[in-house]
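Enquirer: predicted structure and sequence below. I'll ask about it afterward.
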Amino acid sequence: PPVIHLKDYRPPEFLIDRAALHFDLGLEETAVHAELDLRRNPAAKRGDGDLYLDGEHLELLEVALDDRTLPPAEYEIREDALVVHRVPDRFRLRTRVLIRPADNTALEGLYVSGDMLCTQCEAEGFRRITYFIDRPDVMTRFSVALAADAERFPVLLANGNPVGEETLEDGRKVARWDDPFPKPSYLFAVVAGDLAAVSDRFTTLSGREVPLNIYVEPENTDKCDHAMRSLKAAMRWDEERYGREYDLDVFNIVAVSHFNMGAMENKGLNVFNAKYILARPDTATDMDFAGIEGVVAHEYFHNWTGNRITCRDWFQLSLKEGFTVYRDQEFSADQSSRGVKRIEDVRMLRARQFPEDAGPMAHPVRPDSYIEINNFYTATVYEKGAEVVRMQANLLGPERFRKGTDLYFERFDGQAVTTEDFVRCMEEAGDIDLSQFRRWYAQAGTPVLECADSFDAHTGAYTLEIRQHTPTTPGQSTKLPLQIPFAVGLLDAAGADLPVQLDGETEAPAPGTRMLALREAVERFTFVGLDAEPVPSLLRGFSAPVIVRYPYTDAQLTFLMAHDSDGFNRWDAAQSLSVRLLLELVAESDKPVPEAYIEAVGRALKQDDADADQALLAEVLTLPSESYLGDQMTVVDVDGIHRAREQLAAAIGEQLRDALLGVLERNQEPVEYDLSPAAMGRRALRNAALGYLMRAPTPDIVERCRAQFEAGHNMTDVIAALRCLVDADPEHVGDAGEQALTAFYQRWAEDPLVLDKWFGLQAQSSRPDTLERVEGLLEHPKFTLTNPNRVRALIGAFAVGNPLRFHAVDGAGYRFLADRILELDPLNPQIASRLLYPMTRWRRYDEIRQALIRAQLERILEVEGLSNDVYEVVSKSLG
Ligand code: DPP
Ligand code: ZN
């Protein structure tokens, strides 16, 4: 397959000013009639005189140019295009095509979910709906007419504003929609179905009343409150923080059961994976609620960052995604605890983006090339992209950053632009030079900062030396130094912040954090006015997406964990301490858990008092995951890591039993369910404590756990208890795990999103027979390869969420995954390709596992007719 390069970008030869589409909708067969007003693009070079329209899986019935039906000699149908020969400079093209939604298992273009019809066009799905110039720099004014059987499809939705509805004599209904804002085809959407609406209204800053509707299958109308609340909060927040108002007469959301990604920001008609809309306290965990709030906001925010201003080409994807993730992260931080949100975001960045940046698929935030763009909706483009925007926001400060975004919105409204255009606005409004900073967009790999220090007791000068280097990544062997905002604090012996005064400065600043600007490969900073050697607190608030290395002693980490004024670094010190100890336990299997560590955890538990931030405390108490520990090793020791982590958890559970029981007592669930940050924090902390206690369970604790499960007060508590019961040794819990699983199934068999949890929990169990069980579940009547959520719940959860069993040294896990990928690829290449991720990391394992994984990758590569999606990831992984 061809490789697409950024350097080959050319403006489109033709533009489409207007598109009028008429759909005759049916599940089996849909006819699409398109009327396109085309003209030659004055900004583009003239080509061979032919018009090239993208199109895939379309059956062409008719093509007419300026009302003249074209004879076959005047056009050519290719597998992926319609070529119309010798077209004039300005003309109207009409096409009529047939598509088959019910056969569309790839879930790109128009497809069927349950009884409804819906679309997904980003990135290149519109070409499966009609012939078009399917690229984001062609912005078109769309109007749409939808005709369908009025009984089966009473709700007919498209982008923009509704402009009329009529019922025809034959029992069909026609709905017309008009979108006044020109948009690229990837933002196009239609939905048809027998849906129920949950409705509300929002009054914009300038006083316009906008109806808001969330459309769901009728049985789900009682699960939309949280999504609606989140939407209204997001609309208000975007007005207050960015001055951005909503711009259409109506805003519609539809929840869909079959969806490849999280959600899609189609203009005025956001289509969501049901997982990010539907929630009730008894069906959704606190994490689910937070996910809904974040994704609803994310898609809404795209209306300005993505839709009004879009991407020139797909290499610029982070222009909209990085910025919009930054915006949704800040929104969520404002809704709850800023510190905890930052920890969660960084944990996710380290868990997903850092490994990606260190592996065979590493690519810059603005990639240089791709085979399949769907493979580049990555943690790098999204989460690292958000960090790159965050750094600019911090460099400018809130006021100048707001000026920069105002300038960006004003200058580029209605256009398709580049990350360079964004940075230039920040530069102009911030009056700073970002020329070196731009490298963050172009250079892949996670920078490593090696820090060393020295203290001169005579002069009171403390010197910090920082060496930055970025490891090589595929296709990028030389790396340049980056501009890195590096936030530093210095602590005195009592744990208080010292003034961070640079040598040469006449006046000491107030005690606190100082932002240093790193630019060179090696930088040295000397701080003066110190009575004694300070303890450095480095990269406070995670001021840049880098890895810091500094030779802290255990005592210093314990000290920072207790005293650092920066909440993020208190957590990070705890993490570092746990990682260090766990790696020691991996290396030395009979090493006992040091008392000092248990004492430090005990001290943290004592902070659980009336004013404590329980959510933060729960984060501090969460041990690093097995995968993250693996990332810290030269060669991942799959079994050693699991053993060490269980050993440490059991030691905490045993030795701090009373303190943990105290946490359970103090943080009991009130009768009235409450979704406030404080209540979520209490649940998180209590369930973290329960998890430790259940590592060394006595009958009374097992009983508590079972009671929590059976009380069924809310899904957060139910799942936490169920997980403990399923993972516990049957020697301690008997068949309580099995019984609970059965009860859970009986209660929730008909709720697909809850049932996903049931599949996922079993797939993630550390029990030795898990793979057999997962294979058995493939045959379960409720399992299907055609629902991405179900596939992720069972197969994805096993491959990504269960390193111990997936990486079993007999290679059965690898064979299992490769088999599933080969089954899925012909059905849904995007999902098949995503499942490859754990195998791309094969170089991180011992020789036996390396050979086993490689053999599976090679087996996949030999198969005829692989999708571009799977081919690209497998070939790059082996390459
Ligand atoms: N643009 C969607 C999102 O990230 C995914 N394609 O919101
Ligand atoms: Zn997005």
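Expert: Done, it's in. Predicted, not measured: the structure shown is a model, and the values here were computed from it. Ligands and ions are numbered 1, 2, ... in the order given.
Enquirer: pull out the buried residues from stretch 734-744.
Expert: 736, 737, 740, 741, 744 (16 or more other C-beta atoms under 10 Å). (C-beta placed from N, C-alpha, C; glycine too.)
Enquirer: what does residue 481 show for phi and psi?
Expert: phi -60, psi 140 (degrees, to the nearest 10).
Enquirer: Provide a list of residues in contact with it.
Expert: 436, 468, 518, 519, 520, 521 (C-beta atoms under 8 Å, 6 or more residues apart in numbering).
Enquirer: rerun at 7 Å
Expert: By C-beta atoms under 7 Å, 6 or more residues apart in numbering, the residues touching residue 481 are 468, 519, 520, 521.
Enquirer: out of the helices and strands in this structure, which is least certain?
Expert: helix 730-733 (a mean of 93; mean pLDDT, DSSP states H and E).
Enquirer: flag every buried residue along it.
Expert: In helix 730-733, counting by 16+ other C-beta under 10 Å, buried: 732, 733.
Enquirer: CA atoms of that helix as PDB?
Expert: Output of helix 730-733 as PDB, limited to C-alpha atoms (Å, rounded to 0.1, in the frame of the first residue of the first chain):
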ATOM      1  CA  PRO A 730     -10.800 -19.700  46.400                       C
ATOM      2  CA  GLU A 731      -9.100 -21.000  49.500                       C
ATOM      3  CA  HIS A 732     -10.200 -17.800  51.200                       C
ATOM      4  CA  VAL A 733     -13.500 -17.000  49.500                       C
END
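Enquirer: quick one: mean pLDDT for the helix or strand following that helix?
Expert: Next helix or strand after helix 730-733 toward the C-terminus (DSSP states H and E): helix 736-748. Mean pLDDT, helix 736-748: 98.
Enquirer: give the other helices and strands that helix 736-748 contacts.
Expert: With contacts taken as 3 or more C-beta pairs under 7 Å, 6 or more residues apart in numbering; DSSP states H and E, helix 736-748 sits against helix 699-711, helix 715-727, helix 752-763.
Enquirer: mind checking pLDDT for the closest residue to ligand 1 within the stretch 401-550 of the chain?
Expert: Going by C-beta to the nearest ligand atom, ligand 1 is nearest to residue 416 of the stretch 401-550 of the chain, at 14.9 Å. Looking at residue 416, its pLDDT is 98.
Enquirer: nearest to residue 155 among the buried residues of stretch 734-744?
Expert: residue 744 (33.1 Å; C-beta to C-beta).
Enquirer: and the closest one, how close does it get to ligand 2?
Expert: Distance of residue 744 to ligand 2, given as C-beta to the ion, to the nearest Å: 33 Å.
Enquirer: that residue contacts residue 722, correct?
Expert: Yes - between residue 744 and residue 722 a contact is recorded at 6.1 Å, counting by C-beta atoms under 7 Å.
Enquirer: re earlier: any idea which of the contacts of residue 481 has the most stuff around it?
Expert: For the contacts of residue 481, counting by other C-beta atoms under 10 Å, the largest number of neighbours falls to residue 468: 22 neighbours.
Enquirer: in contact with that residue, which residues?
Expert: Residue 468 neighbours (C-beta under 7 Å, 6+ apart): 447, 449, 481, 482, 484, 518, 521.
Enquirer: same thing but at 10 Å, please
Expert: 447-451, 479, 481-482, 484, 486, 518-523, 544, 546 (C-beta atoms under 10 Å, 6 or more residues apart in numbering).
Enquirer: now, which of those lie within strands?
Expert: 448, 449, 450, 451, 484, 486, 518, 522, 523 (DSSP state E).
Enquirer: quick one: buried ones out of these?
Expert: 449, 451, 484, 486, 518, 523.
Enquirer: what about the last one, distance to residue 796?
Expert: Between residue 523 and residue 796 the computed distance is 42 Å (C-beta to C-beta, to the nearest Å).
Enquirer: before we move on, what about the fourth one?
Expert: Separation of residue 486 from residue 796 (C-beta to C-beta) stands at 36 Å.
Enquirer: swap in the second one?
Expert: Residue 451 sits at a distance of 37 Å from residue 796 (criterion: C-beta to C-beta).
Enquirer: ok, the third one next?
Expert: Distance, residue 484 to residue 796, using C-beta to C-beta: 34 Å.
Enquirer: now the first one
Expert: Using C-beta to C-beta, one obtains 33 Å as the distance from residue 449 to residue 796.
Enquirer: which residue sits closest to whatever residue of the stretch 1-150 of the chain ends up closest to ligand 1, ignoring its sequence neighbours?
Expert: Residue nearest to ligand 1 within the stretch 1-150 of the chain (C-beta to the nearest ligand atom): residue 122, separated by 4.5 Å. Among residues not flanking residue 122 along the chain, residue 186 sits closest, at 4.2 Å (C-beta to C-beta, 6 or more residues apart in numbering).
Enquirer: one more: residue 598?
Expert: Counting by C-beta to C-beta, 6+ apart, the residue nearest residue 598 is residue 655, at 5.1 Å.
Enquirer: doesn't residue 649 make contact with the one you found?
Expert: No - Residue 655 is not in contact with residue 649 according to C-beta atoms under 10 Å; the separation is 11.2 Å.
Enquirer: what strand or helix carries residue 148?
Expert: strand 141-149.
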